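Novice: Task: produce atomic coordinates for the following.
(one chain, ligands or ions: 1)
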Amino acid sequence: MKLHGNMSIKNNTLYIGGVSCIELAKKYSTPLYVYDENLIRSNCKEYKKYFRVKENGNKVAYAGKAFLPLYMCNIINEENLCLDVVSGGELYTAYKANFPMENILFHGNNKTIDEIKMGIELGVGRFVVDNFYELDIIEDLCKNKNITQEIYFRITPGIEAHTHDYIKTGQIDSKFGFALINGDLYEAIEKLSKYKNIKLVGLHAHIGSQIFDIEPFMDEVDIMMDLIKEIKEKFDIDLKEIDLGGGIGVYYTKEDKPNSIKEFCEAIINRVDKKCNKLGIKVPKLIIEPGRSIIANAGSTLYTIGSIKDIKDVRTYVSVDGGMTDNIRPSLYKAGYECSIVNKMKYEKVNNVTVAGKCCESGDILITHANVMEIESGDILIITSTGAYGYSMSSNYNKIPKSAVVMVRDGDDKLVCKRQSYEELLNLEII
Ligand code: LLP
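Specialist: Have a look, this model is predicted:
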């Protein structure tokens, strides 16, 4: 198992941020999400540095869908990043955390009228407009309030990023954005002349998630820069901001060979410079929206091992006290993970087992082939890199309460999301 960020081993025991995982499991019980706060902050700082936020006025907007408790909003704000939200719920969270609304990008392919109203009333910085329906609603609401809303258009650039099919969003056959090849984008821009309360300031595209290849991003840059020139020539509109979305891949298992934040940012910035130079246009302000690459490796999940079922010559099932309710990614995407036993870190890995969850579903398997040391019921198992799309995609299937979230930093631990109680599980129910 790879040790990420501020993980270390002392006397065979795994520590994260200077705190023993055994002590964390004792203090907060399991399943428990543990986040390495210093790693989150250093990832934010790297993005700011290499994406030239200060020098070029570029922006890094953390994609809240990856993980967005109030505490995370505060970290993102303290690190001076912007925030990408996709729903009224995410927006409300940011609002309750006093996140500066002008630093928010509001995404979504079907924002409801109420969500759009909320965004306008709170004063979000940019709406990322996805379709004609939304455009009309924003105009109407802004006209009534006599304000102008700045927007980007989300475009579908038709790039096939090499990633899992379920999470590809850049292709032509997509529910997201205005397509280029069928003229939808141009039609939307033409319509703008009628809309007095909307100002188009930029374009956005997002080509997929967990992408290791830099090439699709280079294609995306080229398409976006070509569009700036074309839109200036055709419509005399100056687009000053280009939002390239998120999608940078991270390490989950040995098969994953991600680029560093530095490599990724430098490649983007160099390509933009080169392309703009070639086209003879001014370099726009750039925005990127990393989610996973800020938070995935910073989060791990601790579980207690319960039943161990050895089916001779077939398989050994090691069942833990969580599963698809706290991490749906293995069942949904066949996502791979690494694991270890936190009090036997230096032991040799001698067994190949299947780590199973506790839900009533045969597909509730967290890791199909895991190499582990000698294990016994009661051991604490850690699965690493569960920080992105774990807690945010968790559910109450089988009426299993949501797990707690703890931040660790410099030897201290802080509870940031309580474990849901049985009582709270019934909060919404009426008899
Ligand atoms: N911006 C937009 C418009 C997005 O749709 C997304 C992710 C991001 C940014 C952030 O992408 P990231 O840097 O995290 O790859 N649930 C899936 C991932 C879905 C991603 C959806 N959009 C998973 O667990 O793999």
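
Novice: Name the strands paired with the helix or strand containing Leu14 and say parallel or antiparallel.
Specialist: Per DSSP states H and E, Leu14 falls inside strand 13-16. Neighbouring strands of strand 13-16 in its sheet, by DSSP bridges, are strand 7-10 (antiparallel), strand 19-20 (antiparallel).

Novice: Okay, domains of this structure per the record?
Specialist: Domain assignment for the chain, taken from automatic domain parsing, gives 7-35+297-425, 107-290.

Novice: Using CSV, list the CA coordinates for the strand holding Leu14.
Specialist: The C-alpha coordinates for strand 13-16 follow below in CSV (Å, rounded to 0.1, in the frame of the first residue of the first chain):
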residue,chain,number,x,y,z
THR,A,13,1.2,1.1,13.3
LEU,A,14,0.0,3.5,10.7
TYR,A,15,-0.2,7.2,11.6
ILE,A,16,-1.9,9.9,9.5
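
Novice: quick revisit: could you tell me the least trusted of the domains of the chain?
Specialist: Ranked by mean pLDDT, those bottom out at domain 107-290, with a mean of 93.

Novice: Would it count as contacting the ligand?
Specialist: Yes: interface with the ligand: domain 107-290 contributes 107, 167, 169, 206, 209-210, 245-248, 289-290 (Cβ under 6 Å from any ligand atom). From N, CA and C alone the C-beta is placed, and that goes for glycine too.

Novice: same deal with stretch 309-325?
Specialist: No: against the ligand, stretch 309-325 shows no contacts by Cβ under 6 Å from any ligand atom, the least distance being 12.7 Å.

Novice: tell me which residues in that stretch are buried?
Specialist: By neighbour count on 16 or more other Cβ atoms under 10 Å, the buried set for stretch 309-325 is 316, 318-325.

Novice: So what's the gap between that stretch and the chain middle?
Specialist: Offset of stretch 309-325 from its chain centre (Cα atoms, centre = their mean, to the nearest Å): 29 Å.

Novice: If we go by neighbour counts, what in the helix ranked longest in the chain is buried?
Specialist: Ranked by residue count and defined by DSSP state H, the top helix of the chain is helix 215-235. For helix 215-235, the neighbour count (16+ other Cβ under 10 Å) marks 216-225, 227-228, 231 as buried.

Novice: quick one: contacts for whatever residue of the stretch 101-250 of the chain ends up closest to the ligand?
Specialist: The ligand sits closest to Gly246 of the stretch 101-250 of the chain, with a gap of 2.8 Å, by Cβ to the nearest ligand atom. For Gly246, the contact set (Cβ atoms under 8 Å, 6 or more residues apart in numbering) comprises 63, 84, 206, 209, 288-293.

Novice: Over to it. Which of the three states is it?
Specialist: Using DSSP: H, G, I helix; E, B strand; the rest coil, the structure places Gly246 in coil.

Novice: Repeat that for Val128.
Specialist: strand.

Novice: in the stretch 101-250 of the chain, which spans are strands?
Specialist: With DSSP state E, counting those that start in this stretch as the criterion, the stretch 101-250 of the chain has strands at 104-106, 126-129, 149-156, 178-179, 198-204, 241-243.

Novice: Repeat that for the stretch 301-431 of the chain.
Specialist: Counting by DSSP E, counting those that start in this stretch, the strands of the stretch 301-431 of the chain are 315-320, 339-341, 351-356, 365-372, 380-384, 404-409, 412-417.

Novice: okay, those strands, which one's buried deepest?
Specialist: Per-stretch averages of neighbours, counted by mean count of other Cβ atoms under 10 Å, single out strand 380-384 among the strands of the stretch 301-431 of the chain, with a mean of 26.

Novice: Which strands and helices lie in contact with that one?
Specialist: helix 21-28, strand 299-311, strand 339-341, strand 365-372 (3 or more Cβ pairs under 8 Å, 6 or more residues apart in numbering; DSSP states H and E).

Novice: Dump the C-alpha coordinates for stretch 308-325 into PDB.
Specialist: The C-alpha trace of stretch 308-325 is given here as PDB (Å, rounded to 0.1, in the frame of the first residue of the first chain):
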ATOM      1  CA  ILE A 308     -13.800 -13.900   7.700                       C
ATOM      2  CA  LYS A 309     -15.200 -16.600   5.500                       C
ATOM      3  CA  ASP A 310     -12.600 -18.900   3.900                       C
ATOM      4  CA  ILE A 311     -14.100 -21.000   1.100                       C
ATOM      5  CA  LYS A 312     -11.300 -23.500   0.500                       C
ATOM      6  CA  ASP A 313      -9.800 -23.300  -3.000                       C
ATOM      7  CA  VAL A 314     -12.200 -20.600  -4.000                       C
ATOM      8  CA  ARG A 315     -11.800 -17.300  -2.100                       C
ATOM      9  CA  THR A 316     -11.600 -15.700   1.400                       C
ATOM     10  CA  TYR A 317     -14.200 -13.100   2.100                       C
ATOM     11  CA  VAL A 318     -13.100 -10.500   4.700                       C
ATOM     12  CA  SER A 319     -16.100  -8.500   5.600                       C
ATOM     13  CA  VAL A 320     -15.900  -5.000   7.100                       C
ATOM     14  CA  ASP A 321     -18.400  -2.800   8.900                       C
ATOM     15  CA  GLY A 322     -19.000  -0.500   6.000                       C
ATOM     16  CA  GLY A 323     -19.200  -1.000   2.200                       C
ATOM     17  CA  MET A 324     -21.100   0.400  -0.800                       C
ATOM     18  CA  THR A 325     -22.900   2.900   1.500                       C
END
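
Novice: What is the burial count for the residue of the stretch 301-431 of the chain found nearest the ligand?
Specialist: Proximity of the stretch 301-431 of the chain to the ligand (Cβ to the nearest ligand atom) peaks at Tyr389, 3.2 Å away. Neighbour count for Tyr389, taken as other Cβ atoms under 10 Å: 25.

Novice: Pro330 too?
Specialist: Pro330 - counted by other Cβ under 10 Å - has 21 other residues nearby.

Novice: now swap in Lys175 and tell me
Specialist: Other residues within reach of Lys175, judged by other Cβ under 10 Å, total 10.

Novice: so what's Asn259 closest to, chain neighbours aside?
Specialist: Spatially, and ignoring its direct neighbours in sequence, Asn259 is nearest to Ile214 (6.3 Å; Cβ to Cβ, 6 or more residues apart in numbering).

Novice: Nothing else from me, thank you.
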